[in-house]
Each structure stands twice: as structure tokens, then as C-alpha cells.
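J.: Starting from these lines, generate the structure:
(chains A and B)
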Amino acid sequence: MAEDPTNIDTEQKWPLDPEEYKRYGRQLIMPEIGLQGQLNLKSSSVLIVGVGGLGCPAAAYLAGAGVGKIGLVDGDTVEKSNLHRQILHSTATVGMSKVESAIKYLTSLNPTVKYVPHIAHVSTETTLDLFTPYDLVLDCTDTPASRYLISDTCVLLGKPLISASALRIDGQLMILNYPPLPPGNSKGGPCYRCFFPKPPSPESVTSCGEGGILGPVVGVMGVLQALEAIKLICAGINSEEPVESRDRPILHIFSGRPGATSPFQFRAIPFRGRKSNCAVCSSFATITKESLTSGSLDYQKFCGILNPVTALRAEERVSVEDFAESISKPMTEVRSAKRTDSRKYTVVDVREKVQFELGNLPGSINIPYSELCHVTRSDNVSMSAQKESSKDGQPTPAWVTTLSKTSPDASIYVICRLGNDSQLAVQKMKEYGLGKGSERFIADIKGGFSSWREMVDPTFPDY
Amino acid sequence: MSTLNPTPTFKILYFASCATFTRLPFESLPAPLSLRDLFPTLEKRYPGMTKRVLESCAVTVNLEYVDLEDEEVTGKGTDGEGMVIKEGDEVALIPPVSSG
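T.: Presented below is the predicted three-dimensional model:
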């Protein structure tokens, strides 16, 4: 085929390729974008850290909008449980690295964008070099440690950062280090540490795997990251306009829960500028490029490490096999006779109610771990408190009453999803005297339903 | 009767892990309350809450961020009692959400 004679002409004549006018036409005609905005997008580079529930929609819209270069960072592979929310991956790419799976989709969406794969998790050794070639970073990760590391790196390199997160039906979004002025310059935008100087306690951190996540909720947050990225790129990333003359930095909170006037809610919390004693962006900063690369900063340690629970002695624990054996006979009798009170054991399932309803052992009773742990003192502090309380202030929890009614010589077996909560639950039960000295055997089932599925009943729902 | 002369209160909103801990999305607490007494009051009501969730929370009063480390806010080290949460105020406790 002969060369297209119009090709050279158009390249010289018009700032965008003919194909680009067509592809981006619907956004080009918007005054917010226009030709200059599109050229800014084309010459920009964005690094997306985490190609999961946030990173997938963010990457899709940025690729669609014509960002020139998109870097994708993730060390994980695609799992089936990702697919309800991580929209770039598909049933066919389960097992593939998330980065490769995403690039496969994005290339078919917009082949004119340059995609750069980084198949690894971020670490203190790599972030400075990894982030340097990019204009803008999107934090789409899922741990406190990575959030602090990414934010610190962006401050040290002078890159703006768009950070979002989501859990269950709630989300948060922040534009950080914008304008991206050097540490110590109070006119620069605040960083993640300015918003949250102290990391959440490891016990309070819940992952999407534990707490659950609804696809559209994390999707909304990822889409908003793309929107903010496009706006920021079109406005000029390295603008040094002081923060005062812009809208104040804002922490956006999304809730999928219905509010008084809407089926969902956005809240905007205006923030002040950089925190005067921030460890990385203030003039009293202690975190430097050197301290980052030397390995003297341990982000995992800073955020606290949750050790595997070993709360019980060996004799307070039973294996799933032993448990299966000890319940096999009485369980059939109970089922046929429907005489639950004559059993010589009680099985307490401490998973949350929704999980219990997904599948449970016949005859087991559900006392969610959150109920076991919930302590409220009735100090008459609350005016809205509607709870009953005994005169001496410490009411007996309902679950203790329930278990007290079981036959005192019946053993209590406690089971949960993975075998951590069950150990703590056994401790709680003993604290409330349910062990009757050591008359009654109370034990945790090692490894919970995870082991149960593996060793005893492979059909038990795996969610 | 207290119903005829209700005690003045402020509204406190619990987000994310705070709501998980209290098992309430919001509630009313007696006003006025000095801001520096906020965490101790909540700790009394929900033992263990300070270490577990409060320490990492952003705190807002009427949608304005307040810095509990700021001496002007808490009145610590000064003669004043610092900022006071008044009747009808809306306080929000916002812990970082890190998953995604």
C-alpha cells in the first residue's frame, strides 16, 4: 500500500493527529479541556500504584482521556474474588499478574497511550527511582504502610498525589502535596501525614478481604481520582500558585449509606495547609531522601505489625479433625431427635452474622465476635443511651446469659473464619467465668473454617 | 422532669472504624464539653477506644478540622480552657481508611 500522502501534512498542520481529534472530540469541545488541556494530557505521565478496585477504574479513565504515559505498579496476581470490582481484569486473566492483565485491557481501550509495567510492590528501596519519571502519582493501594511511604516519596520528589481508599460502603479522597512545593515551604499542599500523623492501630485496620467492599463504592473513588487527575493535569501540574488562592485542601468522605436528603452522601472536610511540625513536609522534617533509601525507616513497624494470634495454650485448642470426630456421633443424634439441649457440647460460631448465614454447622449458635468485644459503661454520659443497665454499672452481656443456660458439663467449641477471633473469644468466655473454674472444657478450633474446608468438608462455602 | 428540660447536647459522628467500635453511626453527648476532655469522655464510655481508634482520627467541629496537638485548641500549657464544644455542635471522628 502506498504511503498516506496526507500524513506528514496533517502532523505539521495541526497540533493533534486526525485520529486524536476523533477519539477525544467529546472532551476537546469542553472549555475545561480544550486543545491546551488535551496537549497537557498527551505530554503528561501518571503513575498508578495498585491496580485493584481503585486503580482499575482510575487507569481506564486516564487511558481513555489520552494521558501520554501510564505506569502501573502491583505485585499481585488476579484472583476470582477481585472481579466484582477490579474492572480491568476478567475471568480469563485470573492467575495473570494484575499489571499485565490491566495493560491487556487498556491497550485494547486506547493503544496510543504508552503503558509501563512495574510488577512489584512498592518498597523504600524502589520508590524514589520508580516515581521520578512521572508527573503525578495516584495512591490506589490498600495498606497504611504503603500510604505513608507513597506520600513521603511524593513530598521528597515534589510530585502531587491523589490518594483514595474505600472499605465496605465508605470511601475517602484527598489531593495531597499540591502545589508540590519543597518541604518547609508552608505554601505547599499538606501531605498524608498532615491529615493523619498517627497511623491507625493494626487491630483497627480492616482489609477488603475481611471487611468486605462493594464494587461501585470503590469504583466511585477510583473514578474520582481520575477526574481529579485530569483536572490537575489540565490546570498545569507544576503550578506554584499558593494554596491560599485555591480552594482549601479537602478531605472528601463518601458514604453509600442513605442520608436525610440523599440515597448516598458526600462530605467535604476543609483542611488547613501543611502541619507545622509534619515529619516530612514541614521545616522540622526528619524524613529525607537519604533516610528513605538507607532503610532506616521501617514503615511496617511504624504502622504496627499484627502478630498471628497465639492467645491460648495447646490444651485449650483442638484440631478440625479431632473436633469433627468428637462431634460426629452426637451431631447426628441431635439432628434426628431435635433435642439440642441434651448435647454434650455447644458449638459457638463467632463470625459476623452475615458470614454465619453464608454457611454454618448444624446446631451451632452464632455470637459475633463484635458482640463479644463490645463493652459500654453506663456512666450516664450519654443522653441518647437507650441501653438497659444494672444498678452497679456493669450489665451482664446477653451472650453470657445465653451460654450460661447451656448444660454446665457441655464443652464449648469456638470456631471462626481463620482461627484468630476464636482464640480471643475463648479468653473472653473464660473471663466471664463460663469455664466454671476448669470444670467446663472451652476450646478454640484451630484454623477455623479455613482448615475445616481443607481437612473435613471441602464443600463448605469459600468466600 | 428531664423530658421537659432536656440536657443540652452536641452530636458526634463516628466514621469507619470508629463506628465499628461504638457500633453507632452517631449519638448525642452532653454539652458543653471542653475539647481536651473529648477523648477521655469517649474512653470512659467505650473502654479501649483511645488506643484502638481515637489516636489516629482526624477530628472536626462543625466541619472544621481541629488539631488536638495544638495548645490553642486544647488550652494545655495556657491559662485558658481551650476550645469548647457547644450545644448543637457537630463533632466528627474520622479515622484513616487505608484499604482499596
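
J.: how about the strands of chain B, start to end?
T.: Remark: strands of chain B, listed N- to C-terminal, are B:9-14, B:26-30, B:33-34, B:58-61, B:64-66, B:84-85, B:90-94; assignment by DSSP state E.

J.: What residues does chain B have near chain A?
T.: With CB under 8 Å from any CB of the partner chain as the criterion, chain B meets chain A at residues B:6-7, B:9, B:15-17, B:20-21, B:23, B:25, B:27-30, B:41, B:44-48, B:51-53, B:55-56, B:58, B:60, B:63-65, B:67, B:69, B:92, B:94-100. (Each C-beta comes from the backbone N, C-alpha and C, glycine too.)

J.: The stretch 301-450 of chain A: helices as residue ranges?
T.: Secondary structure of the stretch 301-450 of chain A, counting by DSSP state H, counting those that start in this stretch: helices at A:320-337, A:353-358, A:369-373, A:398-404, A:421-431, A:448-455.

J.: Go through those and pick out the most buried.
T.: Comparing the helices of the stretch 301-450 of chain A on average neighbours per residue, with mean count of other CB atoms under 10 Å in any protein chain shown, the densest one is helix A:421-431 at a mean of 21.

J.: Give the rounded mean pLDDT of that helix.
T.: Per-residue pLDDT over helix A:421-431 has a mean of 92.

J.: and what of stretch A:193-205?
T.: 91.

J.: Just the buried ones among the residues of chain B next to chain A, please.
T.: Of the members of those, the ones counted as buried by neighbours, 16 or more other CB atoms under 10 Å in any protein chain shown, are B:9, B:15-17, B:20-21, B:27-30, B:41, B:45-46, B:52-53, B:55-56, B:58, B:60, B:65, B:67, B:92, B:94-100.

J.: who wins for proximity to chain B among the helices of the stretch 301-450 of chain A?
T.: Chain B sits nearest to helix A:369-373 of all the helices of the stretch 301-450 of chain A, at 7.0 Å, using CB to the nearest CB.

J.: Please name every helix or strand in contact with that closest one.
T.: Applying 3 or more CB pairs under 8 Å, 6 or more residues apart in numbering or on different chains; DSSP states H and E, one finds that helix A:369-373 makes contact with helix A:398-404, helix A:421-431.

J.: if we can go back for a sec, mean pLDDT lowest where, among the helices of the stretch 301-450 of chain A?
T.: Mean pLDDT, when computed for each of those, is lowest for helix A:320-337, at a mean of 67.

J.: Report the buried residues of the helix or strand of chain B with the lowest mean pLDDT.
T.: Of all regular secondary-structure elements in chain B, judged by mean pLDDT, DSSP states H and E, the least confident is helix B:71-74 with a mean of 71. Residues of helix B:71-74 classed as buried under the neighbour-count rule (16+ other CB under 10 Å) are B:Val73, B:Thr74.

J.: now it, how far from the chain's geometric center?
T.: Relative to its parent chain, helix B:71-74 has a centroid offset of 15 Å by CA atoms, centre = their mean, to the nearest Å.

J.: Render the CA-only coordinates of it in CSV, please.
T.: Once non-C-alpha atoms are left out, helix B:71-74 reads as follows in CSV (Å, rounded to 0.1, in the frame of the first residue of the first chain):
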residue,chain,number,x,y,z
GLU,B,71,-2.2,24.2,72.5
GLU,B,72,-4.5,26.9,71.5
VAL,B,73,-7.2,24.3,70.7
THR,B,74,-6.8,22.3,73.9
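
J.: which one of the helices of the stretch 301-450 of chain A lies closest to A:Leu227?
T.: helix A:353-358 (32.4 Å; CB to CB).

J.: Return the residues of the stretch 51-200 of chain A in contact with chain B.
T.: By the criterion of CB under 8 Å from any CB, the positions of the stretch 51-200 of chain A lying close to chain B are A:52-54, A:140-144, A:147, A:164-167, A:170-172, A:195-200.

J.: Can you flag which of those residues belong to strands?
T.: Using DSSP E, these in strands are A:Ala164, A:Ser165, A:Ala166, A:Leu167, A:Asp170, A:Gly171, A:Gln172.

J.: check contacts around the spatially most central residue of chain B.
T.: For chain B, the residue sitting closest to the mean C-alpha position, by CA atoms, centre = their mean, is B:Leu38 at 4.8 Å. For B:Leu38, the set of contacting residues under the criterion of CB atoms under 8 Å, 6 or more residues apart in numbering or on different chains consists of B:Val59, B:Leu68, B:Ile85, B:Val91.

J.: Identify each buried residue in stretch A:93-101, please.
T.: Applying a neighbour-count criterion of 16+ other CB under 10 Å, one finds A:Thr93, A:Ser97, A:Lys98, A:Val99, A:Glu100, A:Ser101 buried in stretch A:93-101.

J.: Quick one: end-to-end distance for that stretch.
T.: Its first and final residues considered, stretch A:93-101 spans 6 Å by CA to CA, to the nearest Å.

J.: For it, give me every contacting residue.
T.: Contacts made with stretch A:93-101 from outside it, assessed by CB under 8 Å, 6+ apart, are listed as A:51-52, A:72-80, A:82-83, A:86, A:88-90, A:104, A:117-119.

J.: So what are the structural domains in chain A, by residue number?
T.: With domains defined by automatic domain parsing, chain A comprises A:43-303, A:314-374+A:391-455.

J.: what sits against residue 33?
T.: Using chain A. Residues counted as contacts of A:Ile33 (CB under 8 Å, 6+ apart) are A:Gln27, A:Leu41, A:Ile230, A:Cys234.

J.: Correction: the question concerned chain B.
T.: By CB under 8 Å, 6+ apart, B:Leu33 lies in contact with B:Phe10, B:Thr41, B:Val84, B:Ile85.

J.: Is the helix or strand encompassing A:Ile233 in proximity to chain B?
T.: Here A:Ile233 is covered by helix A:215-235, with elements defined by DSSP states H and E. Yes - Helix A:215-235 reaches chain B (CB under 8 Å from any CB) through A:Val218, A:Met221.

J.: Below-threshold pLDDT in the stretch 251-400 of chain A: ranges please.
T.: Residue ranges of the stretch 251-400 of chain A with pLDDT under 70: A:329-343, A:375-394.

J.: Can you lay out the contacts of B:Leu38 as JSON lines showing distance to A:Ser407?
T.: JSON lines is the format used below for the contacts of B:Leu38 (distance: CB to CB, whole Å):
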{"residue": "B:Val59", "distance to A:Ser407": "49"}
{"residue": "B:Leu68", "distance to A:Ser407": "51"}
{"residue": "B:Ile85", "distance to A:Ser407": "51"}
{"residue": "B:Val91", "distance to A:Ser407": "48"}
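
J.: hang on, A:Val122 packs against A:Asp139?
T.: No - A:Val122 is not in contact with A:Asp139 according to CB atoms under 8 Å; the separation is 9.6 Å.

J.: Mutual contacts of these two, please.
T.: Common contacts of A:Val122 and A:Asp139, defined by CB under 8 Å, 6+ apart, comprise A:Val49, A:Ser146, A:Ile150.

J.: before we move on, the earlier item: between the strands of chain B, which has the poorest average model confidence?
T.: The weakest mean pLDDT among these belongs to strand B:64-66, with a mean of 89.

J.: So what's the gap between that one and the chain middle?
T.: Taking the mean C-alpha point of strand B:64-66 and that of its whole chain, the gap between them comes to 11 Å (CA atoms, centre = their mean).

J.: Same question for stretch A:27-47.
T.: 30 Å.

J.: What residues of that stretch count as buried?
T.: With burial defined by 16+ other CB under 10 Å, the residues of stretch A:27-47 counted as buried are A:27-28, A:33, A:37-42, A:44-47.

J.: was I right about A:Gly34 contacting A:Leu28?
T.: Yes - between A:Gly34 and A:Leu28 there is a contact under CB under 8 Å: 6.7 Å.

J.: Touching, A:Arg267 and A:Gly259? I think so.
T.: No - taking CB under 8 Å as the definition, A:Arg267 is not a contact partner of A:Gly259, at 9.3 Å.

J.: Of these two, which one has the most company?
T.: Comparing A:Arg267 with A:Gly259 by other CB atoms under 10 Å in any protein chain shown, the one with more neighbours is A:Arg267, at 18 against 11.
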